[in-house]
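What follows is a predicted structure for the sequence shown.
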Amino acid sequence: MIDTARYYMNEAQVGAGVRRSGIPREKIFITSKIYHHDFGYARGYECVQESVVQLDLGYYDLYLIHSPVSGKKKRIETYRALVEAKKDGLVKKIGVSNYSGKHIDEIIDAGLELPDVNQIELHPFCQQRPIVEYCRAKGIAVQAYSPLVTGQMDHDVFRRLAKKHDKDEAQILIRWSLQKGYIPLPKSSHPERIRSNAQVFNFELDKDDMDALDALDEGEEGAVTWNPVNEP
């Protein structure tokens with residue numbers, strides 16, 4: 001899985017890297033997002049087209065609205081553009097990011113299809129439980145960005161569990177995310193760390209481990225990124 005966005009300005013580089021890899025396109029799941037500066041129906045659809053051209057791999061597997069910033073009218077117009085792009089084969093699935101339940105309710109009230117995914121900040125310090133529960137009730141997959149707390153992993157609980165399972169702190173956090181039913185999106189520019197972050201399927205956190213991590217939740221105060229889930 002590769003997670004990119006128009007805001008990151010690297011869609012072309014992602015496409016080039018996939019082509020150089022020799023891995024068949026259908027074996028790689030690629031996501032991009034539209035930023036609030038480009039919200040609206042006409043501009044939104046145009047941005048999806050531009051993203052597909054930049055990627056140069058035919059389509060995106062998933063395309064998201066990057067945040068709820070901009071207000072209800074623009075949010076709905078932009079989501080309509082994603083629905084149309086899906087119908088036209090530019091993207092296979094559509095979704096949102098940093099949305100709370102009230103923002104998704106707007107989509108439902110507009111008579112539009114539910115998002116396939118909601119991508120939100122998720123880690124033991126910021127567990128966003130109301131949003132997670134809402135998405136689960138609606139059958140919306142939850143992707144966890146910043147699952148490694150942007151590298152802020154110097155915590156007694158993380159160290160203790162890493163020692164217990166003979167893993168590193170990042171692997172503990174990714175495993176927690178997986179066992180919670182999330183789709184974690186760990187980020188690294190180091191090949192050895194990328195490989196290590198994938199080595200999380202040969203152990204399991206027990207109930208005491210999960211309870212200890214769950215107890216670290218600080219609500220909104222635990223966020224380490226912009227986390228604009230409360231946008232009006």
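Sure, I can see it.

the strands in this structure, which residues?
Secondary structure of the chain (DSSP state E): strands located at 2-3, 30-34, 60-65, 91-97, 117-121, 141-145, 183-185.

Rebuild those as TSV, extending it with distance to residue 205 and mean neighbour count.
Every C-beta, even on glycine, is put in place using the N, C-alpha and C of the backbone. What follows is the strands of the chain, written out as TSV (distance: least, Cβ to Cβ, whole Å; neighbours: other Cβ atoms under 10 Å):
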stretch	distance to residue 205	mean neighbour count
strand 2-3	24	18
strand 30-34	27	25
strand 60-65	28	25
strand 91-97	27	22
strand 117-121	21	25
strand 141-145	15	22
strand 183-185	13	20
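
Neighbours of the closest residue to residue 138 other than its chain neighbours, how many?
Using Cβ to Cβ, 6 or more residues apart in numbering and skipping the chain neighbours, the partner closest in space to residue 138 is residue 114 (6.0 Å). Residue 114 has 15 neighbours, counted by other Cβ atoms under 10 Å.

show me the contacts for residue 114.
Residue 114 is in contact with 104, 107-108, 138-140, counting by Cβ atoms under 8 Å, 6 or more residues apart in numbering.

Tabulate the residues you listed in TSV, adding columns for neighbour count, distance to residue 179 and pLDDT.
Compiled in TSV, the contacts of residue 114 are given as follows (neighbours: other Cβ atoms under 10 Å; distance: Cβ to Cβ, whole Å; pLDDT from 0 to 100):
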residue	neighbour count	distance to residue 179	pLDDT
104	22	25	98
107	20	29	98
108	12	29	98
138	14	21	98
139	8	20	98
140	19	19	98
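
now, which of the residues you listed sits nearest residue 47?
Using Cβ to Cβ, the shortest approach to residue 47 within the contacts of residue 114 belongs to residue 107, at 18.6 Å.

Nearest residue to that closest one in space, please, no chain neighbours.
Spatial nearest neighbour of residue 107, excluding adjacent residues (Cβ to Cβ, 6+ apart): residue 79 at 5.8 Å.

OK, contacts around that neighbour?
Contacts of residue 79 (Cβ under 8 Å, 6+ apart): 65, 94, 96, 107, 110, 112, 115.

which stretches of the chain form helices?
Remark: helices assigned in the chain by DSSP state H are 11-21, 41-55, 72-87, 101-109, 129-138, 156-165, 169-179, 191-197, 207-214.

a markdown table please, covering the ones you listed and showing distance to residue 231.
Compiled in a markdown table, the helices of the chain are given as follows (distance: least, Cβ to Cβ, whole Å):
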| stretch | distance to residue 231 |
| --- | --- |
| helix 11-21 | 25 |
| helix 41-55 | 17 |
| helix 72-87 | 9 |
| helix 101-109 | 8 |
| helix 129-138 | 13 |
| helix 156-165 | 31 |
| helix 169-179 | 24 |
| helix 191-197 | 30 |
| helix 207-214 | 27 |
